[in-house]
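**Q** Here you go, sequence then predicted model.
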Amino acid sequence: MLLLLFAAIALFAGWSFWHTGRIYTGVNVGGVQLDGLTRTQAYKRLNETLYQFPLPPVTLVYDNQQWPLETTQVRARADLLDAVNRAYLFGRSGALLTDGVDQLRAATRRAEITPQVAVDQEALRAAITEIAASINRPGMGERTLGDVVVAAQPGVEVDVEATMQGVLGALQNVGVYTMVQAPLVIHTVAPPPSVAIAAPEVAAASSFALLVLRSSEDDFAVALMPADLRNLALSTAPLTLDEAKVRAYLATLAAQLDRQPRDARLRFDPDAGAVTVLTPSFAGRQLDVEASLAAIQAAVANGAKDAQLAVGPVAPAVDMNRIAEMGIRELVASGTTYFAGSSASRVRNVEVAAAQFEGVVIPPDGIFSFNEIVRDVSSANGFEDSLVIWGDRTAVGVGGGVCQVSTTVFRAAYEGGFPLVERYNHGYVVDWYGEPGMDATIFTPTVDFRFRNDTGAYLLIDPVVDSINGVITFNFYGTRPDRTVTVSKPQITDVIKPEPPVYTVDEALAAGQTKQVEWEKAGMSALVTRTIVENGATRTDILKSLYQPWRAVYLVGPGTPVPTPKAEE
């Protein structure tokens, strides 16, 4: 027993000595192993591996409504330095027994450190303030117009600072794949004191009893009653309007009047060289708040009974009446991937996602965004449950197979020489996408694939899905630029073996039954070089993809013997 005790003490001392200045074996940050690394080495590895991890999608909620915050609005990033320091301090609390237990637990079952999320607070505050402007409403006091009593209405006001603190707090308590929902903090604004407005008083304050606001774009008209004018007024003798209040009021009208334009969707027949319309375009309209404010002020100053709202047209970016000017006449680029052997639900998701792109046209210098076109990947939009990458495992989730489509679009854009704006590789090497380094993952709404149309002409997207043979192709039609693109084979480096397989007991399986649910993949770095020769000039760019090692996972029935890892493993 003494020999065993001395051996244990010696082992513990040797273990501690070896880890001097190093992170203890078994400590992960964001799924990345940092066994035995110094803090400098760990920080370098995390910067190479976690820089592209998708941060949590953030949505603000209030009264059954949702306002998603774009990545550019939140400007969040993982605080890797803090994560490295916390990883180093794991097992170093100073309490000998506690530290020993923590070190043993990490070595045998691994300990996970989740990076904290750092947010650009000014950008977040500006985003919440913008949302608040569409919600805030001033209170309206009870108004008496002769014998008519108009009930008081309380106002609402978004507490921007409290909402921001709620978002920041939520972000610090989630993993990178967890969707964050934070409530908009709303305060009720008490209505102002009741007022009684008699017709003679209004007449003294102004030469009219009401003001009618009209839009020339349609038959829209709204009347500002004397009580409404008083609530918008700075003074009544003479009647002078409060510009801030009128702007807020016009913002509510804009929500009723504004209409987004719709771009045309087109079809190209390569044999005939003809372009036809799949979905017609139409112009939108927009209320010019400042011009409308000036018109209302002029009407009040002149004692007029009507004021013309300034509503102007908004042209679509892709106008079906300008097809002849678009330069859509030939194949510019093409990309193909294969999905034969996919499950029926995965095939269905490929079909549904690809159909969203039929006839999409990108204007010159416009940005193609996968997420803007596909929008919400949910069962409500026709997507089915299939296997998806979720954190450190493959799980059943809505939309498995959508990345087959994003990867195919990426192939067409990359091999066509288009500038990439945003692209992320998958967490581990996926067989569906062929050679490592030539895939593109998406995760709505935060992880997108985007590229810029730099051809100088319009670019028509045409997806072709052969579900029987498991082939998907994206063709880009437009005006082919004078360039030649060469894409190298991926250069594979920094190969990391996966950990030994994991065997998990599944009560649903019979004794002796084994079912494999994950297949091992080596981690690696893949570098692809693209050379573009255009108008006599040559340029190159390098696409870097980092893949984590992925170990095999087996489900076994109760009592099923499992292999013991070899010593070298």
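**A** Noted; the coordinates are in hand. Residues are numbered from 1 along each chain as shown.

**Q** any chance you could map the helices in the stretch 1-150 of the chain?
**A** With DSSP state H, counting those that start in this stretch as the criterion, the stretch 1-150 of the chain has helices at 2-18, 39-49, 71-74, 80-89, 96-109, 121-135.

**Q** For Leu527, which of those is the nearest?
**A** Among those, helix 39-49 comes nearest to Leu527, with 12.4 Å by Cβ to Cβ. (C-beta placed from N, C-alpha, C; glycine too.)

**Q** Run through who's touching the closest one.
**A** By Cβ atoms under 8 Å, 6 or more residues apart in numbering, the surrounding residues in contact with helix 39-49 are 23, 29-30, 32, 34, 37, 80-81, 83-85, 87-88, 115, 525, 546, 548.

**Q** Can you go through the residues you listed and name the buried ones?
**A** Buried members of the contacts of helix 39-49, scored by 16 or more other Cβ atoms under 10 Å, are 23, 29-30, 32, 34, 37, 80-81, 83-84, 87-88, 115, 525, 546, 548.

**Q** Nearest to Ala274, out of those: which one, please.
**A** Among the buried ones among the contacts of helix 39-49, Leu546 lies closest to Ala274 (Cβ to Cβ), at 45.1 Å.

**Q** before we move on, back to that, now the helices of the stretch 1-150 of the chain as a markdown table including distance to Val409 and mean pLDDT?
**A** Listed next are the helices of the stretch 1-150 of the chain as a markdown table, based on distance: least, Cβ to Cβ, whole Å; pLDDT from 0 to 100:
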| stretch | distance to Val409 | mean pLDDT |
| --- | --- | --- |
| helix 2-18 | 49 | 78 |
| helix 39-49 | 25 | 79 |
| helix 71-74 | 19 | 59 |
| helix 80-89 | 31 | 85 |
| helix 96-109 | 41 | 85 |
| helix 121-135 | 28 | 82 |
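
**Q** Return the most buried member of those.
**A** Neighbour counts (mean count of other Cβ atoms under 10 Å) averaged over each of the helices of the stretch 1-150 of the chain peak at helix 80-89, with a mean of 19.

**Q** which other helices and strands contact it?
**A** For helix 80-89, the packing partners by 3 or more Cβ pairs under 8 Å, 6 or more residues apart in numbering; DSSP states H and E come out as strand 27-29, helix 39-49, strand 111-113.

**Q** Any regions of the stretch 151-300 of the chain where pLDDT drops low?
**A** 172-179, 194-209, 217-219 (pLDDT under 70).

**Q** at 50 what do you get?
**A** Scanning the stretch 151-300 of the chain for pLDDT under 50 picks out 176-177, 198-208.

**Q** What segments of the stretch 201-350 of the chain are helices?
**A** 226-231, 243-257, 289-302, 344-355.

**Q** Stretch 229-245: which residues count as buried?
**A** For stretch 229-245, by 16+ other Cβ under 10 Å, it's 229-233, 236, 239, 241.

**Q** got it, and stretch 184-193?
**A** Applying 16+ other Cβ under 10 Å to stretch 184-193 flags 184-186, 191 as buried.

**Q** Which ones among these map onto strands?
**A** Ile186 (DSSP state E).

**Q** which residue sits closest to Thr484 in space, ignoring its chain neighbours?
**A** Val533 (4.7 Å; Cβ to Cβ, 6 or more residues apart in numbering).

**Q** looking at the sheet around that neighbour, what are its partners?
**A** Bridge pairing for Val533 (DSSP bridges) gives the partners Thr484, Thr538.

**Q** 34 is where my numbering starts, stick with that
**A** Understood, numbering begins at 34; the last thing we discussed is Val566.

**Q** Count the residues that sit near it.
**A** 14 (other Cβ atoms under 10 Å).

**Q** gap between it and Val518?
**A** Applying Cβ to Cβ, to the nearest Å, the value for Val566 to Val518 is 8 Å.

**Q** overlap in contacts of these two?
**A** Common contacts of Val566 and Val518 (Cβ under 8 Å, 6+ apart): none found.

**Q** List the buried residues in stretch 444-457.
**A** Of all the residues in stretch 444-457, those buried under the rule 16+ other Cβ under 10 Å are 444-451, 453, 455-457.

**Q** And for stretch 506-524?
**A** In stretch 506-524, counting by 16+ other Cβ under 10 Å, buried: 506-514, 518, 520, 523.

**Q** Check stretch 466-483 too.
**A** 466, 469-483.

**Q** now for the residues you listed, which pair is the farthest apart?
**A** Most distant of the buried residues of stretch 466-483, by Cβ to Cβ, are Pro469 and Pro478, 26.5 Å apart.

**Q** related to what we said a few turns ago, tell me which of the helices of the stretch 34-183 of the chain sits nearest to Val365.
**A** Proximity to Val365, assessed across the helices of the stretch 34-183 of the chain by Cβ to Cβ, is greatest for helix 104-107 (28.4 Å).

**Q** on that earlier part again, among the buried residues of stretch 506-524, which ones are in strands?
**A** Counting by DSSP E, the buried residues of stretch 506-524 place 506-511, 518, 520 in strands.

**Q** for the stretch 334-483 of the chain, what spans make up the strands?
**A** Taking DSSP state E, counting those that start in this stretch as the test, the strands found in the stretch 334-483 of the chain are 339-342, 344-347, 363-371, 394-395, 400-402, 418-423, 426-431, 453-455, 483-485.

**Q** Dump the ones you listed into a markdown table; add mean pLDDT and distance to Val535 as well.
**A** Below are the strands of the stretch 334-483 of the chain laid out as a markdown table (pLDDT from 0 to 100; distance: least, Cβ to Cβ, whole Å):
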| stretch | mean pLDDT | distance to Val535 |
| --- | --- | --- |
| strand 339-342 | 90 | 66 |
| strand 344-347 | 90 | 56 |
| strand 363-371 | 95 | 30 |
| strand 394-395 | 97 | 45 |
| strand 400-402 | 96 | 38 |
| strand 418-423 | 40 | 16 |
| strand 426-431 | 39 | 10 |
| strand 453-455 | 95 | 34 |
| strand 483-485 | 97 | 36 |
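
**Q** May I have the residues that are in contact with Leu130?
**A** For Leu130, the contact set (Cβ under 8 Å, 6+ apart) is empty.
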